[in-house]
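Asks: Could you look at this predicted model? Sequence included:
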Amino acid sequence: MAKKKTIRTIPQERTPIREQPPAERVRNFSEVACGYRLEDAMREAERCLLCPDPACVKGCPVSIDIPGFIRKILDKDARGAYDVITDTNLLPAVCGRVCPQENQCEGVCPVGESLEPVAIGRLERWVGDTAIAERWSNLPYIEPSGFKVGIVGSGPAGMACAADMAKAGCEVIVYEAFHQPGGVLRYGIPDFRLPNEVIDAEVANLVKLGVKFECNTLVGRLFTIEQMIDEMGFDAVFIGTGAGYPSFMGIPGESLSGVLSANELLTRCNLMRARDFPSYDTPLELGRRVAVIGSGNTAMDAMRVSLRLGAEKVYCIYRRTRAECPARAEEIHHAEEEGIEFHWLTTPIEILDDGKGSARGMRCIRMELGEPDESGRRRPVPVVGSEHEFECDLIVFAIGTNANPIIGQTSKIRLNRWGYIEADETLATSMAGVFAGGDIVTGAATVIEAMGAGRKAARSMKAYLGLRDTDVVYLPPRKGQEGKAFGIDLAERNFVRVRVA
Amino acid sequence: MHEPEQAPPFEIVAREDFSDVTYLLEIRHPLMAKAAKPGQFVIVMAHEHGERIPLTIADFDRDKGTITLVIQAVGKTTREMQQICRVGTRLYGMVGPMGLPSHLGGAKKVVCVGGGLGVAPIFPQARGFKESGAYVIGIVGFRSKSLIFWEKKFRSVCDELIVCTDDGSAGLKGLVTLGIKAAIDKHSDIDEVVAIGPPIMMKACAEATRPHKIKTTVSLNPVMVDGTGMCGGCRVKIGEKTMFACVDGPDFDGHKVDFDDLMARLKRYAEEEKKALEKWQETCRLSGLVPAPSRASAGAPPA
């Protein structure tokens, strides 16, 4: 390699990503960030110091070899970069777009200590998009193991688990209750953030691995988890049904017309294509002035969808301040650019009726930050006498979700006291052979965390089935006997192959 | 194991037209026929651009592997289905059985009330109660004699059957509440009343039984998208609590349901529904097809 790079020799400015101008993009559902071109990716890759002990890999929930793929980009070997990423992450085009990188890989990047960190997410996305455009897919040699694995839910956790189990030679069937696969990627995350073609491409990759998707199948009700194990011949099952069940605040007026959950708004708009009503049959209430309660990623999505549906004004109502706002930095930034009006330290206490059963506004109260709560964030407390009216005609709740009750209602699997599935650190549940991960175990989290859980569950599932962990197979070959005992890779952590002669 | 059984999916194997607005579809889905229990519902999508509509399961045949739906053509989707769903065609999607099954045990004498679009779905409940050994009094309401269907089927599972018609052309002249009153007068030991129909009818049924303190169960069918507890569109007020009809119901204690709230929420998309229907009728007219008769009162509840 040439001269060693230092923080002074690398390009100082982060390579900007081309974006649709805010005024234009709020009128369409096309993607906001257009992605890097080859030259952008090359320039940004230059900024990576290729640390010998990379912090970014530890910061990644699925431990992508980040310097490894960046080195390949520097070599102009996009295919090689894709190969490195897909060793650990099946969905680079998705994760490059939706991961909260600032809290993960980019958050710990040493470049970020004095400059802007390396745009790892954008590079990952470039690799993923290039792979889709070039129709690359990595099909490892798969030796059938004879095991049959059922996956409940086709969201990010289920897809990640399915990929690993398929690679381990299992017959994998993914069940989805909706009519199209993808889970939250499909119904929740809007097209301008994650285009449907990307999801289709990733699903197609799974199908190439031999994974079967069965839509229109509500597990729990059509057949139970117990039936899958006892009667349907599944050797192991992974439950990744997501959190679902949206929360409301329990304030007066919530059942008025014009009040809905962000899940409902997003599902109608994204999955059911209500934005093309009446060409598509699903309708959607449209607001002129839309207030979205909450400020997570779902809230940002709901706000930006509302703008694109033609709202004149969209407000974000959040009881804490911008500092506590849980959304990805880029989403808040985009929302601000698009003209979302933020009302920090405000919470509604009543939704007002227009006399005809529809919402005409809210009665709100101002908050101030008090002592820190269990989450470490300062608890918002109401300011006495600060009640005021807030005019709006569509109110969207994006204040989180509770556990979906269906699996709990229909199986004997143990739940915790909030209704989430109880799983140990290996993601094994109370039922033998049944694993669970993602939001249904942890409560609402991110796409990449769900994928991380899906992969972790796959590892445990392989151990349960007595399969060699295929992760090992993907490691670069080692020299000689290094890291081996009795000729067996130590990383296998499994010495069943040792036979005493 | 189920793949060969399931193909081709969601095929319509039988259809029967009870009137110009009410029609029956029997759909092949062996796995669902095996799993379905009284009180549950399905969500149907007629075609790729369609909406997801919840429909209560009217019957299921485990031997034939079919699910029966009885549909009233009232809106765009149900009218379009009336036109396109022929024997041999298939639905784009059907998922279920959804919702908690009805609790059928324990009652010794029950009244099963069905009116309007609730007549068909009350049938599996009546049969379920009969099978559990209860004395079943069926009450079904129609607008007039010519619209009556499944009378024989009901008689086969009911110990008594009271037919009510709005115009008195058959059975009792009046609403199903009249039938409930007659049943209560005759039997002092009714354990439970189950009522399915339009909200206004279920409300009237709940009011009819309230003074007698008879347990009254109603089946709610609010606007839904996914039917799996994910969107919260189907939230209903039950006493002090807000619940989701799709996963916490659809059966609820009729004496606790806030029917006015339910009826208001059912009108959420009234304007859009009207727009969709008009556009569809216009398309039908242009393409030379004759849309189903546009009778605003068609299928109106007998209440």
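Replies: Cool, got the structure.

Asks: Please pull out the lowest mean pLDDT helix or strand from chain A.
Replies: The least trusted helix or strand in chain A, going by mean pLDDT, DSSP states H and E, turns out to be helix A:470-474, with a mean of 44.

Asks: Which residue, other than its chain neighbours, is closest to the residue of the stretch 301-450 of chain A found nearest chain B?
Replies: Residue nearest to chain B within the stretch 301-450 of chain A: A:G357 (4.7 Å; CB to the nearest CB). Just so you know, the C-beta spots here come from the backbone N, C-alpha and C atoms, and that holds for glycine as well. Nearest in space to A:G357, with sequence neighbours left out and distances taken as CB to CB, 6 or more residues apart in numbering or on different chains, is B:A264 at 4.7 Å.

Asks: show me the contacts for that neighbour.
Replies: A:255-257, A:357 (CB atoms under 8 Å, 6 or more residues apart in numbering or on different chains).

Asks: quick revisit: the residue of the stretch 301-450 of chain A closest to chain B reaches B:L266, doesn't it?
Replies: No. Using CB atoms under 8 Å, A:G357 is not in contact with B:L266, being 10.7 Å away.

Asks: Give the residues shared as contacts by those two.
Replies: Going by CB under 8 Å, 6+ apart, no residue sits against A:G357 while also sitting against B:L266.

Asks: Would you confirm that the residue nearest to A:G357 belongs to a helix?
Replies: Yes. The assignment for B:A264 by DSSP: H, G, I helix; E, B strand; the rest coil puts it in a helix.

Asks: mind checking pLDDT for A:A119?
Replies: A:A119 is assigned 91 on the pLDDT scale.

Asks: What is the burial count for it?
Replies: 25 (other CB atoms under 10 Å in any protein chain shown).

Asks: Distance of it relative to chain B?
Replies: Applying CB to the nearest CB, to the nearest Å, the value for A:A119 to chain B is 33 Å.

Asks: Verify the stated contact: that residue with A:E13.
Replies: No. Judged on CB under 8 Å, A:A119 makes no contact with A:E13 at a distance of 10.8 Å.

Asks: what about the strands in the stretch 1-150 of chain B?
Replies: Under the criterion DSSP state E, counting those that start in this stretch, strands of the stretch 1-150 of chain B are mapped to B:12-17, B:22-28, B:41-45, B:53-56, B:59-61, B:66-72, B:93-98, B:109-115, B:135-142.

Asks: and of these, who's closest to chain A?
Replies: Nearest to chain A, of the strands of the stretch 1-150 of chain B and by CB to the nearest CB, is strand B:93-98 at 4.2 Å.

Asks: Would you mind getting the angle between that closest one and strand B:66-72?
Replies: The directions of strand B:93-98 and strand B:66-72 differ by 100 degrees, with axes from the mean of the first three to the mean of the last three CA atoms, to 10 degrees as the criterion.

Asks: and the residue nearest to A:V26 when sequence neighbours are not counted, how far is that from A:D83?
Replies: Spatial nearest neighbour of A:V26, excluding adjacent residues (CB to CB, 6+ apart): A:L307 at 4.6 Å. A:L307 is 39 Å from A:D83, where distance means CB to CB, to the nearest Å.

Asks: which residues are in contact with stretch A:198-215?
Replies: A:90-91, A:93-94, A:97, A:128-129, A:132, A:137, A:139, A:142, A:154, A:159, A:162-163, A:166-167, A:171-182, A:185-186, B:93.

Asks: Weed out the non-buried ones from these.
Replies: Buried by 16 or more other CB atoms under 10 Å in any protein chain shown: A:90-91, A:93-94, A:97, A:128-129, A:132, A:137, A:154, A:159, A:162-163, A:166-167, A:171-182, A:185-186, B:93, out of the contacts of stretch A:198-215.

Asks: Can you list which of these are found in helices?
Replies: A:93-94, A:97, A:128-129, A:132, A:159, A:162-163, A:166-167, A:185-186 (DSSP state H).

Asks: Kindly reformat those residues as TSV containing distance to B:L24.
Replies: Below are these laid out as TSV (distance: CB to CB, whole Å):
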residue	distance to B:L24
A:A93	46
A:V94	44
A:R97	47
A:G128	49
A:D129	50
A:I132	46
A:M159	39
A:A162	39
A:A163	43
A:A166	42
A:K167	47
A:L185	38
A:R186	33
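
Asks: what's the closest of those to A:R455?
Replies: Taking CB to CB as the measure, A:R455 sits nearest to A:A163 out of those, at 8.3 Å.

Asks: from what I can see the closest one touches A:N89, true?
Replies: No. Using CB under 8 Å, A:A163 is not in contact with A:N89; the gap is 9.5 Å.

Asks: Excluding its own residues, what touches the longest strand belonging to chain A? List them.
Replies: Secondary structure of chain A per DSSP state E: the longest strand is strand A:359-372. If you take CB under 8 Å, 6+ apart as the criterion, strand A:359-372 is touched by A:253, A:256-259, A:291, A:317, A:319-321, A:343, A:345-354, A:378-383, A:386-395.

Asks: Which strands border that strand, and is each parallel or antiparallel?
Replies: Strand pairing for strand A:359-372, determined by DSSP bridges: strand A:346-353 (antiparallel), strand A:378-382 (antiparallel), strand A:388-391 (antiparallel).

Asks: Most tightly packed of the ones you listed?
Replies: strand A:346-353 (a mean of 20; mean count of other CB atoms under 10 Å in any protein chain shown).

Asks: which residue packs closest to B:M263, ignoring adjacent ones?
Replies: Using CB to CB, 6+ apart and skipping residues adjacent in sequence, the residue nearest B:M263 is B:P199, 5.0 Å away.

Asks: actually A:G182, not the one I typed
Replies: Spatially, and ignoring its direct neighbours in sequence, A:G182 is nearest to A:I199 (4.6 Å; CB to CB, 6+ apart).

Asks: Work out for me the element the one you found sits within.
Replies: Using DSSP states H and E, A:I199 maps to helix A:196-208.

Asks: Sheet partners, orientation included, of the next helix or strand after that helix?
Replies: On the C-terminal side of helix A:196-208, the closest following helix or strand by DSSP H and E is strand A:212-214. Pairing partners of strand A:212-214, with direction, according to DSSP bridges: strand A:171-175 (parallel).

Asks: Mind telling me what element the residue in chain A positioned nearest to chain B is part of?
Replies: Relative to chain B, the nearest point of chain A is A:P283 (3.3 Å; CB to the nearest CB). Secondary structure assignment for A:P283, by DSSP H and E: no helix or strand.

Asks: can you pull the contacts of A:L284?
Replies: So A:L284 contacts A:265, A:268-269, A:274-275, A:277, A:309, B:272 (CB under 8 Å, 6+ apart).

Asks: is the top helix by length along chain A anywhere near chain B?
Replies: Counting by DSSP H, the longest helix found in chain A is helix A:447-465. No. Against chain B, helix A:447-465 shows no contacts by CB under 8 Å from any CB of the partner chain, the least distance being 15.2 Å.

Asks: List the buried residues of that helix.
Replies: For helix A:447-465, by 16+ other CB under 10 Å, it's A:447-462, A:464-465.

Asks: And stretch B:255-269, by the same measure?
Replies: B:255, B:257-259, B:261-262, B:264-265, B:268-269.

Asks: And the residue nearest to A:G182, how far from A:C161?
Replies: On the measure of CB to CB, A:I199 and A:C161 end up 17 Å apart.

Asks: and if you look at A:A131?
Replies: 21 Å.

Asks: These two: which has the busier surroundings?
Replies: Ranked by neighbour count (other CB under 10 Å), A:A131 and A:C161 place A:C161 first, with 34 against 23.

Asks: tell me the contacts of the more buried one?
Replies: A:151, A:238, A:240, A:435, A:437, A:454-455, A:457-458, A:461.

Asks: Save those as TSV, and put in pLDDT too.
Replies: Shown next, in TSV, are the contacts of A:C161 (pLDDT from 0 to 100):
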residue	pLDDT
A:I151	96
A:F238	95
A:G240	92
A:F435	94
A:G437	90
A:G454	89
A:R455	84
A:A457	91
A:A458	90
A:M461	92
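
Asks: Any stretches of the stretch 51-200 of chain B with poor pLDDT?
Replies: For the stretch 51-200 of chain B, no stretch is flagged by pLDDT under 70.
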